[in-house]
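> model the structure of this input:
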Amino acid sequence: MDFDAWLAFCLTETLLCFTPGPAVLLVVSVSVARGARAGLHSALGVLVANTLYFALSAAGIGAALLASHGLFLAIKWAGAAYLVWLGARMLLSRKEPSATAPLPPTNSRSRSFLRGFVVQGANPKALVFFTALLPQFVDPGASIARQVLILGISSVAIEIVALAVYAVCAARLRRAAGAGLAAPLERVGGAFLVAAGARLAWVRSE
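Presented below is the predicted three-dimensional model:
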């Protein structure tokens with residue numbers, strides 16, 4: 001893999017990372033509701049799920065998983081249902097969140113991480129993306145493992161930056177809005193997640 005191929009991969013990854021999808025909408029929603037730190041914990045969960053999908057795609061297992069239409073549908077509908085459930089909880093919440101309240105301790109942080117991991121792990125589009133993208137940038141005449149490692153590290157670095165930008169911007173919006181608009185903003189975040197779930201439900205395996 002030469003420098004031009006690596007640069008093309010990074011540009012493609014950057015464009016796709018900044019395009020709103022279920023992972024981005026989750027991070028934005030969590031950041032609006034709970035602050036940037038919670039959003040970043042969700043982003044870490046997303047990255048762990050993406051790393052797993054990246055490894056499966058590199059090993060060729062991703063293609064085998066995608067060949068199973070039933071498994072694809074199961075993952076898709078589980079992810080869509082989970083997003084809608086999270087969004088509905090935020091929409092129907094009666095608790096008035098504070099715009100400046102600190103994030104509660106470890107259990108909330110691990111919950112944010114787990115949400116990010118489950119949402120991205122239950123998004124079969126991520127597996128489709130990595131399985132289709134990787135072969136286009138890997139030179140079969142060079143070390144496959146080395147190239148996959150470079151692309152994997154590049155992918156994680158780009159995505160953490162993109163998700164961190166979304167998390168920080170959403171948290172700043174939350175602080176700027178003040179306590180009076182914290183609850184409406186949380187409901188907007190919930191609506192984003194419901195919309196992301198509905199969008200994921202339309203994903204096809206082809």
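
> name the helices or strands packed onto the host helix or strand of residue 70?
Using DSSP states H and E, residue 70 sits within helix 69-92. Contacts defined by 3 or more CB pairs under 8 Å, 6 or more residues apart in numbering; DSSP states H and E place helix 69-92 against helix 22-34, helix 61-67, helix 106-121, helix 124-137, helix 182-201. Where you see a C-beta, it was placed from the backbone N, CA and C, and this is true even at glycine.

> gap between the spatially most central residue of the chain and residue 59?
Nearest residue to the geometric centre of the chain (CA atoms, centre = their mean): residue 23, 2.5 Å. Distance of residue 23 to residue 59, computed by CB to CB, to the nearest Å: 22 Å.

> longest helix in the protein, please.
helix 144-177 (DSSP state H).

> what's the neighbour count on residue 192?
21 (other CB atoms under 10 Å).

> low-confidence bits of this protein, can you list those?
Along the chain, segments meeting pLDDT under 70 span 60-69, 71-72, 93-107, 177-183, 185-186, 200, 203-206.

> phi, psi for the residue at the greatest distance from the centre of it please.
For the chain, the largest distance from the centre (CA atoms, centre = their mean) belongs to residue 141, which lies 32.6 Å off. Per-residue torsions, residue 141: phi -90, psi -10 (degrees, to the nearest 10).

> next: residue 122.
Here is the backbone geometry of residue 122 (degrees, to the nearest 10): phi -90, psi 20.

> list the contacts of it.
Counting by CB atoms under 8 Å, 6 or more residues apart in numbering, residue 122 touches 75-76, 78-79, 82.
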